[in-house]
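Q: A structural model of the following input is requested.
(2 chains)
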Amino acid sequence: MTRALYVSLLKLHPPAFRRQFGGEMLWIFDEARLSEGAFVLLLDLLISVTRQWLLRSGVWKVAFALAGAVVQVMAGGAGYYAFHRHIADKNAAGAMTPLMSELILLTVGSVGIVIVTVSGSTLWVSRFNRRRCANRKRH
Amino acid sequence: MVEDLSPFLPLSPATLHVLLALAAGDCHGYGIMQEVARQSEGQYKLGPGTLYDNLQKMMNQGMVEEAPSPSDNDDPRRRYYRLTRFGRAVLHADVTRLERVVRQAKLHLRPASGKAR
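A: Next up is the predicted model:
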């Protein structure tokens, strides 16, 4: 059962890392699980998968870009709201002040579009890379 | 030409131990783990996840490379690694740095231990 868990955690690693070291890591698990303890090896693999995705694979760059885009959209929304309030105050009439719900809707919509665009392009690039690797293997 | 190795220093404990293990000769992953445990008298143990994460980083930096298997009837999953000339230079630079640290530590700890007596 621990072996199955180890294999599952190995599968969670980035594909390039898994292809390069996966077989050898599983071999070490088979050799060392009695002397080192399966739990210790599983914990080590859990730390490894986190480090691989967060530090080595560059996913943090996508997350950072996403966070940056969301902040920009929010700042844009807040600026838009403040500008309309300013105009409304000047005209002494609330007619031009947008409804808060409309603004929230606009912000949520924009954030949604950003998330869908980034996720879509990430999936497309990873699929493209997988195909390229498969073609390389065939040749 | 003297290469500037300062961007690679100080080495992390895992990197230092792996390089030290490989300085003794070509080794496979499990062998590196055992050699690290032996060299540190069991005080520092590397798991496969930590080992291969560091090996990947060191291979990308050109400190370590894959070596051919010494025997034909070896397990195909077992791969061997060796230190490159650059890796040896980085290890040497870090050991020199550590020597300086130890020298300073000895210098500062000597009077303190004398006072305690």
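
Q: Could you check how far A:V125 is from A:H13?
A: 18 Å (CB to CB, to the nearest Å). To be clear about C-beta, it is placed using only N, CA and C from the backbone, and glycine gets the same treatment.

Q: cool, and A:R130?
A: 15 Å.

Q: More neighbours: which of these two?
A: A direct count of neighbours by other CB atoms under 10 Å in any protein chain shown for A:R130 and A:H13 places A:H13 higher, at 24 against 11.

Q: And the nearest residue to B:Q61 once chain neighbours are set aside, what's its pLDDT?
A: Distances taken as CB to CB, 6 or more residues apart in numbering or on different chains place B:F8 nearest to B:Q61, at 7.1 Å, with adjacent residues excluded. pLDDT recorded at B:F8 is 89.

Q: Who are the contact partners of B:F8?
A: Shown in contact with B:F8 (CB atoms under 8 Å, 6 or more residues apart in numbering or on different chains): B:Q61, B:M63, B:V90, B:A93.

Q: ok, now B:M58?
A: B:M58 neighbours (CB under 8 Å, 6+ apart): B:T15, B:V18, B:L19, B:V64, B:G87.

Q: go with 6 Å
A: Listed by CB atoms under 6 Å, 6 or more residues apart in numbering or on different chains, the contact set of B:M58 reads B:V64.

Q: Can you say which helix or strand has it in it?
A: helix B:48-61 (DSSP states H and E).

Q: can you check B:L22 too?
A: helix B:13-23.

Q: And B:E65, how far from chain A?
A: Remark: distance between B:E65 and chain A (CB to the nearest CB, to the nearest Å) = 13 Å.

Q: Check for me that that residue belongs to a strand.
A: Yes. With DSSP: H, G, I helix; E, B strand; the rest coil as the criterion, B:E65 is part of a strand.

Q: any idea how far it lies from A:M1?
A: 37 Å.

Q: More neighbours: which of the two?
A: B:E65 (15 against 6).

Q: Which strands or helices does the longest helix along chain A pack on?
A: When chain A is parsed with DSSP state H, its longest helix is helix A:100-138. With contacts defined as 3 or more CB pairs under 6 Å, 6 or more residues apart in numbering or on different chains; DSSP states H and E, helix A:100-138 has these neighbours: helix A:59-91.

Q: Off-centre distance for the helix it packs on?
A: 22 Å (CA atoms, centre = their mean, to the nearest Å).

Q: Would you mark the buried spots in that helix?
A: A:L66, A:A69, A:V73, A:G77, A:Y81 (16 or more other CB atoms under 10 Å in any protein chain shown).

Q: Same check on stretch B:93-100?
A: Here stretch B:93-100 shows B:A93, B:D94 as buried, counting by 16+ other CB under 10 Å.

Q: Next: stretch A:23-41.
A: A:23-29, A:31-33, A:36, A:38, A:41.

Q: Kindly export that stretch (C-alpha atoms) in CSV.
A: The C-alpha atoms that make up stretch A:23-41 are tabulated as CSV, following Å, rounded to 0.1, in the frame of the first residue of the first chain:
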residue,chain,number,x,y,z
GLY,A,23,12.4,4.9,-12.0
GLU,A,24,15.5,5.3,-9.9
MET,A,25,13.5,6.9,-7.0
LEU,A,26,11.1,4.0,-7.0
TRP,A,27,14.0,1.5,-7.0
ILE,A,28,15.5,3.3,-4.0
PHE,A,29,12.1,3.2,-2.2
ASP,A,30,12.1,-0.6,-2.8
GLU,A,31,15.6,-0.9,-1.5
ALA,A,32,15.4,1.5,1.5
ARG,A,33,11.8,1.3,2.8
LEU,A,34,12.7,-1.3,5.5
SER,A,35,15.9,0.4,6.7
GLU,A,36,14.7,4.0,6.4
GLY,A,37,11.0,3.6,7.1
ALA,A,38,8.3,4.0,4.5
PHE,A,39,6.8,7.0,6.3
VAL,A,40,10.0,9.0,6.2
LEU,A,41,10.4,8.3,2.5
